[in-house]
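Visitor: fold the following, please.
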Amino acid sequence: MQPPQRESRRQDLIAALQHRQPAHAVPIWELEFHAWDAVSGNHVVLGHEFESLTPADQERAMHANAEIMLSVSDELNFAALTCPNAYWEQAPGQLAYYVLPGDARFRQMQILKQVAGGDLVLVGITSAIIAANYNEEFCLRIYEDPQSVDKMAEDYLRYALELAKHFRDCGAEALVSPSDIADNSGPFFNREQMERWILPNLNRWGEAVAELGMFSILHSDGQLTPYLNAIADTNVDALQAIDPVAGMDMQRAREIVGNRLCLSGNIDCGLLLRGQPEQVYEATRKLLTTCKTGGSFVLGASNAVQPEVPVENYRAMIQAWRDHGRYA
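Guide: All right, here's what the predicted structure looks like:
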């Protein structure tokens, strides 16, 4: 398959997010791609390393980052690129890898927009809804002080809406809310809690983002099948993960939501990390041949592509897309 050019890939992604079938091929987008260095042989400067630089060197680093990210995006046929986020903790005391401090994330997006020339969809990260929190204090608040959770949910949404216009002005065409509302055993919130704290705010966020001319994407790990219909009935454009480790099946999910919701992901991150290239190829081939018809589908890993993922495994996914991802 002759890979679509950057503008064609962008248009294919927009079609999928609009719940249509793209003209060329299934679009590829990763929630977060951490393998820039391994694919390019060059070094993307992030996190504390970036913070240690002088302001002038930070500016140079962001321009170099942009060149590396766009080169890799073209090589791997990405239709979109998620920009680095602000600091957050993956676990107590463990900071996420894919971060830039303070306003540097916005400046990096501006530079990416300048270098890409508008032909690659840039995605910003902002948490629009409360996520599952399994600590005892939060679980007790849900039942003993639900009004405080009301305020928490409103605070999340208000901050996300404040950021949305800023992201748009910096070049973003889509926003993703990384908000896990389930685990492998099922949804964290019951139906009453979903209807109180999650679904209304998803609806408000999706509507506001659309009014700004952008697309809205919810990311959640876990087994979300019981709530797929409800999520599809909100104004959110897409759901990312479709977590195979939790038993989520892309074909079944597509049957449930139809063309009301774009579904993205479903390639097992564990398989990418520990499998063999032929296993990754076969999983991707099967996913594409069973799920691409009709559109509303974006190929990618079920979560972030970690720096430790063997490059040959990720390239096997891309090769399967080259062989089986075309529409025309």
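Visitor: pLDDT below threshold where in the stretch 51-200 of the chain?
Guide: 87-96 (pLDDT under 70).
Visitor: strands of that one, start to end?
Guide: Along the stretch 51-200 of the chain, counting by DSSP state E, counting those that start in this stretch, strands occupy 80-82, 89-91, 94-95, 121-125, 174-178, 182-183, 186-187.
Visitor: dump the ones you listed into CSV; add mean neighbour count and distance to Leu271 as well.
Guide: Placement of C-beta: from N, CA and C, glycine included. Output for the strands of the stretch 51-200 of the chain, formatted as CSV (neighbours: other C-beta atoms under 10 Å; distance: least, C-beta to C-beta, whole Å):
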stretch, mean neighbour count, distance to Leu271
strand 80-82, 24, 21
strand 89-91, 9, 21
strand 94-95, 10, 24
strand 121-125, 24, 24
strand 174-178, 24, 21
strand 182-183, 20, 19
strand 186-187, 17, 22
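Visitor: format those as a markdown table; extra columns: distance to Ser264.
Guide: Converted to a markdown table, these look like this (distance: least, C-beta to C-beta, whole Å):
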| stretch | distance to Ser264 |
| --- | --- |
| strand 80-82 | 10 |
| strand 89-91 | 21 |
| strand 94-95 | 26 |
| strand 121-125 | 11 |
| strand 174-178 | 10 |
| strand 182-183 | 16 |
| strand 186-187 | 19 |
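Visitor: how close does the nearest residue to Ile198 once chain neighbours are set aside sit to Ser8?
Guide: Nearest residue to Ile198 in three dimensions, chain neighbours excluded: Ile129, at 5.5 Å (C-beta to C-beta, 6 or more residues apart in numbering). Per C-beta to C-beta, to the nearest Å, Ile129 is found 33 Å from Ser8.
Visitor: same check on Trp205?
Guide: Relative to Ser8, and taking C-beta to C-beta, Trp205 is found at 29 Å.
Visitor: who has more neighbours out of these two?
Guide: Trp205 (25 against 17; other C-beta atoms under 10 Å).
Visitor: show the pLDDT at that one.
Guide: We have a pLDDT of 98 for Trp205.
Visitor: secondary structure element for it?
Guide: Using DSSP states H and E, Trp205 maps to helix 199-211.
Visitor: that helix: which residues count as buried?
Guide: Of the residues in helix 199-211, Leu199, Asn201, Leu202, Arg204, Trp205, Gly206, Ala208, Val209 count as buried by neighbour count, 16 or more other C-beta atoms under 10 Å.
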